[in-house]
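Visitor: With the sequence up front, the predicted model follows.
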Amino acid sequence: MLRIAIVDDDPIFLRIIHSIILKSKLESSFDIDLFNSGEQFINSSREYNLVLLDIDMPKMDGIEVVDKINKSSPIIIYVTGHSEYMERAFNINVFRFLKKDEIHLKLPEVLKQAIKKIEFKQDVLWKTPDGILGFEFYNIVYFEIIDRKCFCYTYQKKYELINKNLSEILVTLDDWFIQINKYQIINIRFITSYKENYFVTSYGNNEIFQISRNRKKIALEKYTERMLCDD
């Protein structure tokens, strides 16, 4: 059974989101808990597969909540009435951003996509020296070619991918990845800012990645496009 948490300081939206989930005709069985603050959710002893979370809450906002639960790695869907807060959360490992005035239209389909991701666990399978392993797009920071070998860097570990090159990998990824130079593909989800010819990320000690001259225009266009995307 899937365990779903809804966290919002507005009791009206708690009930609205709860009602939408119940009416979404989800194929998986689920259990829903409601929390009216980030503190109440953090203090819960249960672990959840899926969390629908308001960004703008008093005392502990949605970004602080995700930072505290990062190790349990639930699927996070931010539901917010303030689009200006979304920029602060772009470097966080989040499945979707939804505006509150669009949830009746968009939430049912996003829920189905999230549950599919939970059930199947991985987005892609690649051969490594340790065998065939599954990877989630939301956990991959970047890919790099070193001495003709291809490596995948997740937040936790570096993996060698056998018989892979960047061109083959790029076509299997979602729209949040861009090739920034001859040797690297980066996940836009982890980019925090752009400075001169570099992307600054939340990876490591704010590691930076250089953008080559011939890829700069396309890379910046795609970066801007994804930053403005809300679904």
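Guide: Sure thing, it's come through.

Visitor: For the protein, which segments are assigned as helices?
Guide: Shown for the chain, the helices assigned by DSSP state H span residues 11-23, 38-42, 62-69, 103-120, 166-170, 216-227.

Visitor: export those to CSV and tack on mean pLDDT?
Guide: Output for these, formatted as CSV (pLDDT from 0 to 100):
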stretch, mean pLDDT
helix 11-23, 94
helix 38-42, 93
helix 62-69, 82
helix 103-120, 84
helix 166-170, 93
helix 216-227, 88
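
Visitor: right, and those helices - which one's nearest residue 49?
Guide: helix 103-120 (5.1 Å; CB to CB). In short, each C-beta sits where N, CA and C put it, glycine included.

Visitor: What helices and strands are in contact with that closest one?
Guide: helix 11-23, strand 50-53, strand 75-80, strand 96-99 (3 or more CB pairs under 8 Å, 6 or more residues apart in numbering; DSSP states H and E).

Visitor: Now the helices of the chain in TSV, please, with extra columns for distance to residue 53 and mean neighbour count.
Guide: Below are the helices of the chain laid out as TSV (distance: least, CB to CB, whole Å; neighbours: other CB atoms under 10 Å):
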stretch	distance to residue 53	mean neighbour count
helix 11-23	10	15
helix 38-42	8	19
helix 62-69	5	18
helix 103-120	13	16
helix 166-170	31	14
helix 216-227	20	15
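
Visitor: So which other helices or strands are in contact with the lowest-mean-pLDDT helix or strand in the chain?
Guide: Sorting the helices and strands of the chain by mean pLDDT, DSSP states H and E puts strand 131-135 at the bottom, at a mean of 78. Packing partners of strand 131-135 (3+ CB pairs under 8 Å, 6+ apart): strand 124-128.
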